[in-house]
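**Q** Got a predicted model here, sequence first, then my questions.
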Amino acid sequence: MKHYALTGGIGSGKSTVLALFDELGVPTFSADDSAKMVMEQDEDIKANITALFGIASYAKGKLNRPFIAEQVFGNNDKLQKLNALVHPAARAAYANWQLEQYAPYTIYEFPLVFELGEQDRFDGVILVVSSEASRIQRVKTRDDVTEEAIRKRMMHQWTDEQKQPLADMLIHNATIGKTADQVRKLHQQLMRA
């Protein structure tokens, strides 16, 4: 079985592409969803996050995502500390999940695959790209945040231009129809690989 990472910048449409693979019957796993689950359910990690960022990190037992985002975007030291807390647990959850899969290939949505230097753990990396305007609009709609806040996050991520030379496959996310066509074609290629 082969394992492929799916990555892209904020608002690029990674989750949409992941859902399209899932609809085709491909086993899919989201690092972000796993990380969120770990941050809300693992008591040791919750205690460490609270120690790092303060009691505002959780509201009524739920992770205060806007607060955490405000703390880490623009503060590389805090971002690295958060990643060091969460990613080992998310990686372990993925490893356990992999053991239960029986398919020609799996897709792991992993936004930081290049930033963390993890691309060699996979048989290939699929990069999702989209126009900046589309990305900003998606995030504004999804997260109810300002364009300024989105641009601040974007400034702390690798650009598509930095990621493209490292990617093995590329999906241009413009319209859902065109994106779905690209996913179907790529799925056929990966089934033969």
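**A** Yep, it's here.

**Q** So A193 is in contact with M169, correct?
**A** No: A193 lies out of contact with M169 (Cβ atoms under 8 Å); the separation is 10.6 Å. (Each C-beta comes from the backbone N, C-alpha and C, glycine too.)

**Q** the more surrounded of those two?
**A** M169 (15 against 11; other Cβ atoms under 10 Å).

**Q** before we move on, what SS does the closest residue in space to the more buried one that isn't next to it in sequence have?
**A** Of all residues not flanking M169 in the chain, I126 sits nearest, at 4.5 Å (Cβ to Cβ, 6 or more residues apart in numbering). Here I126 is recorded as strand under DSSP: H, G, I helix; E, B strand; the rest coil.

**Q** partner residues bridging I126?
**A** Note on I126: beta-bridge partners L6, M169, judged by DSSP bridges.

**Q** From T146, how far off is it?
**A** Separation of I126 from T146 (Cβ to Cβ, to the nearest Å) stands at 30 Å.

**Q** more neighbours, the two?
**A** Using other Cβ under 10 Å as the criterion, I126 and T146 rank with I126 on top: 27 against 12.

**Q** residues contacting the more buried one?
**A** Going by Cβ atoms under 8 Å, 6 or more residues apart in numbering, I126 touches 4-7, 17, 107, 167-171, 186.

**Q** where do the helices sit along the chain?
**A** Ranges of helices in the chain, per DSSP state H, are 14-23, 31-41, 43-53, 65-72, 76-99, 132-143, 147-155, 160-163, 176-192.

**Q** what comes up buried for stretch 12-29?
**A** Across stretch 12-29, burial judged by 16 or more other Cβ atoms under 10 Å covers 12-18, 20-21, 24, 26-29.
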